[in-house]
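In: missing the sequence, but the structure's below:
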């Protein structure tokens, strides 16, 4: 049977369609680009993958490239086709193979340069089965290389710690060790500094043979007992131009043990301190009022409490021969006459007043009137003067009578604010009781309650003392610090002026009531203060057995009541010196330290400056009346008990103490 042309056309189409389907089924079993092509699976340096589209940043400079393909490589073809170059030219590479020759490692003979752009060129190359990779170009930029300071020591003490480093010699030797070689042509003076308050200590540098250790020696002696800042610039170059992150550390030099003044006997030294300090209350007193200026920069502003301390200082000055008795009597007369005419509020003076006019100068916004505590410090001084003066001398008798009037006009009972069982510190015509500060113990204010109970005209009841001051026994402590029992007040005693201000006149040697023995109280307070400074838990520089004393004073930022609970690194000479009756040996050590070893920084026209902070390399140039006064009087009480004996002879004070239940 003969087939038609139409049939043959149909058959041909069917055959071609089947062949085409068979061909498609065969091709789906292999990757399209495997048809004679070698595939690049990855190219990386370190942990970073490179791409053709961009420069890969932060590539490690000490790693090689690893390039992975899908088939084993023809080694000769690969090594001829792979190169790495930078602006300086091609990099010499060492090749090795991994993963059955599917991967090639290209490692430079030397590390790549830091902070440099490199180009990886891959020309066409073959696999072992003659598949071809067509080639490609990739780029990476290396990291800025870093070199590190392995160790830094000064006089064998590591500087790579968080602790304060002190007691360094005045010819310090610094040894630095790096993990990379330094450039021996470097002028290290441009990068390494040793500075105290802007003054640069000249240095010598010696680089070791391996160029990794730098020895530094000062060319001249450093200042003693100061902070030096040691720094290495982050621009310090290594030989391979790696980057350094910089280094900075402070350390403190040791104290120069050379005496700054000629050594004299202890008694002569105590007299010298009293006489020099006395000048603050005599030479620097306000010329019109005779009262003490608050501080050596106060102009016409005078202080009542500090002036009360000054009255007792004048008694010491007379007895020590710093002034004649007549000079002292004339000054008492000036002071009492001024106080009689000055502002008073219910017989109570303000904290501050103008030394020319006697008008009140506000201590704070609301404190523009009576200050009972400051007034008590003044009355303490005036009663000591009254007891000291001679009634048989007409001038002195007139002063005695004026003091008596001033004393009797103080309305102590009025400051119970209408009959409360507590005394209040402040009152003013404008703000009345707005300050609202009850005087409760334990602090510097025991003398206020003793005088209030002793007043012949306006006394308080014993209940005010017990409930207000003693808080019905709440002032009792009894805990131990440094194995020393603290009878009253806060743990570790608070600022040391608590042991001084009330006891310039009050004799604590045998003073006792139902709450405490006051000699034991003040001695414990002083010993704990010294023990705390020896312990030095905050690691401040300059603290120790002979450098101690935390109390209210100036500091590098202003003024604060320094104590173990408020330790700012500030030592205040009056603290240890004024505790000399309680701690004679410990205070004498401090006195000698302050005078002989630190006298070039602490000793001035009116005795010891107010305070210092070795850690911050700060020394006050100020004097404060309330800090200078206790120095003179407490040294005298230690030597002769002069003011204690005078004040405690006052019959009205004796009556007040008895009424409050004291024995003495």
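Out: Done, it's in. Keep in mind the model is a prediction, meaning the values are calculated, not measured. Numbers count the residues shown, from 1 in each chain.
In: which stretches of this protein have low pLDDT?
Out: Low-confidence segments of the chain (pLDDT under 70): 1-35.
In: Show me the domain layout of it.
Out: 33-142, 146-253, 266-524+624-659 (automatic domain parsing).
In: gap between the nearest residue to residue 609 once chain neighbours are set aside and residue 297?
Out: Nearest non-adjacent residue to residue 609, counting by Cβ to Cβ, 6 or more residues apart in numbering: residue 620, 4.7 Å away. From N, CA and C alone the C-beta is placed, and that goes for glycine too. Relative to residue 297, residue 620 is positioned 11 Å away (Cβ to Cβ, to the nearest Å).
In: next one: residue 226
Out: Distance from residue 226 to residue 297, by Cβ to Cβ: 25 Å.
In: neighbour-wise, which of these two wins?
Out: residue 226 (16 against 10; other Cβ atoms under 10 Å).
In: Near residue 648, how many other residues are there?
Out: 20.
In: List the residues that contact it.
Out: 505, 506, 507, 654, 664 (Cβ atoms under 8 Å, 6 or more residues apart in numbering).
In: shouldn't residue 217 be in contact with residue 173?
Out: Yes: if you go by Cβ atoms under 8 Å, residue 217 and residue 173 touch, sitting 5.5 Å apart.
In: Tell me the buried residues within the contacts of residue 648.
Out: For the contacts of residue 648, a neighbour count by 16 or more other Cβ atoms under 10 Å gives the buried set as 505, 506, 507, 664.
In: will you turn the residues you listed into JSON lines that also has secondary structure?
Out: Shown next, in JSON lines, are the buried ones among the contacts of residue 648 (DSSP: H, G, I helix; E, B strand; the rest coil):
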{"residue": "505", "secondary structure": "coil"}
{"residue": "506", "secondary structure": "coil"}
{"residue": "507", "secondary structure": "coil"}
{"residue": "664", "secondary structure": "coil"}
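In: Could you work out the most separated pair of these?
Out: 505 and 664 (12.3 Å; Cβ to Cβ).
In: Mind listing what's buried along the one helix or strand residue 382 maps to?
Out: Assigned by DSSP states H and E, residue 382 belongs to helix 372-388. By neighbour count on 16+ other Cβ under 10 Å, the buried set for helix 372-388 is 372-388.
In: How about stretch 98-113?
Out: 101, 102, 103, 104, 106, 108, 112, 113.
In: ditto for stretch 41-53
Out: Buried-residue list, stretch 41-53, by 16+ other Cβ under 10 Å: 43, 44, 45, 46, 50.
In: likewise stretch 619-627?
Out: 619, 620, 623, 624, 625, 626, 627.
In: go on, stretch 576-595?
Out: Neighbour-count burial for stretch 576-595 [16+ other Cβ under 10 Å]: 576-583, 586-595.
In: Next, format the buried residues of stretch 619-627 as CSV and append distance to residue 287.
Out: Shown next, in CSV, are the buried residues of stretch 619-627 (distance: Cβ to Cβ, whole Å):
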residue, distance to residue 287
619, 29
620, 25
623, 17
624, 20
625, 16
626, 21
627, 22
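In: nearest to residue 474, of those residues?
Out: Of these, the one sitting nearest to residue 474 (Cβ to Cβ) turns out to be residue 626, at 26.7 Å.
In: Correct me if wrong, but the closest one is in a helix.
Out: Yes: Residue 626: assigned to a helix according to three-state DSSP.
In: My guess is it contacts residue 303. True?
Out: Yes: because the distance of 7.2 Å satisfies Cβ under 8 Å, residue 626 is recorded as touching residue 303.
In: Identify the contacts common to these two.
Out: Contacts common to residue 626 and residue 303, judged by Cβ under 8 Å, 6+ apart, are absent.
In: Does residue 529 lie in a helix or a strand, and which?
Out: helix 518-535.
In: For the domains of the chain, give me CSV that also has distance to residue 558.
Out: Shown next, in CSV, are the domains of the chain (distance: least, Cβ to Cβ, whole Å):
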stretch, distance to residue 558
domain 33-142, 49
domain 146-253, 21
domain 266-524+624-659, 12
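In: So which of those is nearest residue 610?
Out: Evaluated over the domains of the chain, closeness to residue 610 peaks at domain 266-524+624-659, with 5.5 Å, by Cβ to Cβ.
In: re the thing from before, tell me which entries of the buried residues of stretch 41-53 lie within strands.
Out: Using DSSP state E, the members of the buried residues of stretch 41-53 that fall in strands are 43, 44, 45.
In: So which of these is the closest to residue 451?
Out: Among those, and counting by Cβ to Cβ, the member closest to residue 451 is residue 45, at 86.2 Å.
In: hey, what's that closest one bridged with?
Out: residue 48, residue 65 (DSSP bridges).
In: My guess is it contacts residue 139. True?
Out: No: using Cβ under 8 Å as the test, residue 45 is too far from residue 139 to be in contact (10.9 Å).
In: Quick check: neighbours shared by the two?
Out: What both residue 45 and residue 139 touch, as defined by Cβ under 8 Å, 6+ apart, is the set residue 56.
In: Quickly note the distance from residue 73 to residue 138.
Out: Per Cβ to Cβ, residue 73 is found 17 Å from residue 138.
In: which residues in the stretch 501-650 of the chain form strands?
Out: Using DSSP state E, counting those that start in this stretch, the strands of the stretch 501-650 of the chain run over 552-555, 558-561, 603-604, 607-608, 612-613, 618-619.
In: Pick the most deeply packed of these.
Out: strand 607-608 (a mean of 26; mean count of other Cβ atoms under 10 Å).
In: This completes my enquiry, with thanks.
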